[in-house]
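Enquirer: here are the coordinates; sequence isn't available:
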């Protein structure tokens, strides 16, 4: 399954169109004022999922705590389906150059390891020791509007909405520039990240699991 998320509005509004296997499915929306507002997944204007920010325990604000083997948790968001908690997202720092995003879903923890190179950010997504998805962020943008793709194994497609929300969450904390002044401006960022989890990125995973996709043409 391939999920494409294209940002359609930035600046005052933060909106996204979401496609499942190239068919339009949902609209995503972030807060217009700051990153602590709600994250919304909508269908025909009606809310499907809602993400709400919550504050970590005060111990996670102690500087350099993670360098001593203690886990620091931040960027905490809970995902709700109506009044029920469906999932949660958090950013974990737990050692020198060791960090990942954690998705909790149905008592299962999914880890997302970031690796940046050239014009792409990659998130390699693991259920235990098995890679189940790769998320790509193309770092060329126009007016601070970015494009994202999720390559998700079909056996995990029940989590498609959760991963769509996760990309909105990731964009909210990493790629959202509110109240900018650019118009018609294209920018390309070259990125690189030092991480002790580089081995989690498998450059062959896409070709091994999505053999029918032309990655050079269909990169976005």
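Expert: In hand now; what should we look at? Remember, predicted model here, so these are calculated numbers, not experimental data. Residues are numbered from 1 along each chain as shown.
Enquirer: And the helix ranked longest in the chain, what's buried?
Expert: Ranked by residue count and defined by DSSP state H, the top helix of the chain is helix 160-174. The neighbour-count check on helix 160-174 (16 or more other C-beta atoms under 10 Å) flags 160-172 as buried. Heads up, the C-betas are built off the backbone N, CA and C, glycines and all.
Enquirer: average pLDDT for that helix?
Expert: Average pLDDT, helix 160-174: 97.
Enquirer: same thing with stretch 46-61?
Expert: Computed over stretch 46-61, the average pLDDT equals 83.
Enquirer: So what's the residue count around residue 122?
Expert: 23 (other C-beta atoms under 10 Å).
Enquirer: where's it relative to residue 42, distance?
Expert: Using C-beta to C-beta, to the nearest Å, residue 122 is found at 27 Å from residue 42.
Enquirer: before we move on, the earlier item: in CSV, list the buried residues of helix 160-174 along with distance to residue 93.
Expert: Putting the buried residues of helix 160-174 into CSV (distance: C-beta to C-beta, whole Å) gives the following:
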residue, distance to residue 93
160, 28
161, 27
162, 23
163, 22
164, 25
165, 22
166, 18
167, 21
168, 22
169, 17
170, 16
171, 20
172, 18
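Enquirer: nearest to residue 186, of these?
Expert: Distances from residue 186 to the buried residues of helix 160-174, taken as C-beta to C-beta, are shortest for residue 171 (18.2 Å).
Enquirer: That's all I had, so thanks and see you.
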